[in-house]
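> for reference, the sequence and a predicted model appear below.
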Amino acid sequence: MTNRITLFAGLLLIAFANSGCGWKDMEAWDTGAVWSDDGTAALGDYQFFEGKDTITHLKKRNMETAIYLFPDVAGGAAPRLILPRAAGWAGPLYLMSTRGYAIVHRLEKLPDLDEGASETANYTAYKIELNGGVTSLGQRQALSMISCDAEGQGAVTTGDVLTVIPSADGATLAKVEMTTTCARKSGALTFLDADTLEVLEGPIQLEDIVDVNMLVSRAWTEDGRFMIATQSLRGLQGTSYAPSSDPEDIGDIDYSCFYPETVSSDVNANDQSISNEDGALRVDEPFDGESRAFGCN
């Protein structure tokens, strides 16, 4: 019995040792993908990174990504590179085919600037013309995770440091920029013309959130207003905004109104979800009978 236990312990040690082997250069398609606003095309990203296998999962670091357009999901047309390889994790992604552009975000982790459980990252956002041309929508270096407990062990996400979301018709961009400290979350909202990138209104200063652990939900409505809300004992509480319009209380509203946040997401108008399996797009039909498409359901 003793020999068997010793052998079993030895095998476990070998397994742990093998799982801790060094980092290796790796590359692969990300499994995520997003539909275009009209449900004909999709976006995906190809990853380049250093990877290390563990007992439970593949660790990744020093991430770089390249963004690809899949122009015809149904026809299976080959993907086309629209944003070259550069540092950072990709996402969120939005594809507005009817307006001829995509919105791409990247988050580049900066571990040399981390302090305890608090992490720092470089955030970038771009508008990509599908017929050529890339325009920066901003860049910020800020905390991506913040630790506010006395022991410095736990941390929470800082949310929308720099996020640009197109409206359902693709004509307007909502640019959200949040700053998080242990005292509060503060932020600003700016509306841009999606074609010219001229400021339509803003920056609009958002109401401070004193609980940094509170998640912020945001989404466009079908009638062209942009909602920002937080959770309370009475449910979602928040305000909707639109260019050249007064802010409005969102009232009693369902969580479904906030996901997806616009018409381009991993679910299309027919409730079909999309994913990427090694460069081949997979489309799945709805299975639970509940709509996950854009809008309040």
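Right, received. Where do you want to start?
> residue 87 touches residue 106, doesn't it?
Yes - with contact defined as CB atoms under 8 Å, residue 87 and residue 106 form a contacting pair (7.4 Å). Every C-beta, even on glycine, is put in place using the N, C-alpha and C of the backbone.
> higher neighbour count, the two?
residue 106 (24 against 16; other CB atoms under 10 Å).
> specify the local secondary structure of that one.
Put simply, residue 106 is strand when judged by DSSP: H, G, I helix; E, B strand; the rest coil.
> now the helices for this protein?
For the chain, the helices defined by DSSP state H occupy 2-19.
> give me the below-cutoff pLDDT ranges for it.
Applying pLDDT under 70 to the chain flags the ranges 1-21, 152, 233.
> any residues in contact with both of residue 87 and residue 106?
Common neighbours of residue 87 and residue 106, using CB atoms under 8 Å, 6 or more residues apart in numbering, do not exist here.
> tabulate the CA atom coordinates of stretch 175-192 in PDB.
Output of stretch 175-192 as PDB, limited to C-alpha atoms (Å, rounded to 0.1, in the frame of the first residue of the first chain):
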ATOM      1  CA  LYS A 175     -17.700  57.300 -26.100                       C
ATOM      2  CA  VAL A 176     -17.600  56.400 -22.400                       C
ATOM      3  CA  GLU A 177     -14.500  57.300 -20.400                       C
ATOM      4  CA  MET A 178     -14.500  56.200 -16.700                       C
ATOM      5  CA  THR A 179     -11.900  56.900 -14.000                       C
ATOM      6  CA  THR A 180     -11.900  54.700 -10.800                       C
ATOM      7  CA  THR A 181     -10.400  55.400  -7.400                       C
ATOM      8  CA  CYS A 182     -11.100  53.700  -4.100                       C
ATOM      9  CA  ALA A 183     -13.300  56.700  -3.300                       C
ATOM     10  CA  ARG A 184     -15.500  56.800  -6.400                       C
ATOM     11  CA  LYS A 185     -16.100  56.000 -10.100                       C
ATOM     12  CA  SER A 186     -16.400  59.200 -12.200                       C
ATOM     13  CA  GLY A 187     -16.900  59.500 -16.000                       C
ATOM     14  CA  ALA A 188     -17.800  61.400 -19.100                       C
ATOM     15  CA  LEU A 189     -20.000  60.600 -22.100                       C
ATOM     16  CA  THR A 190     -19.300  62.100 -25.500                       C
ATOM     17  CA  PHE A 191     -21.500  61.700 -28.700                       C
ATOM     18  CA  LEU A 192     -19.600  61.600 -32.000                       C
END
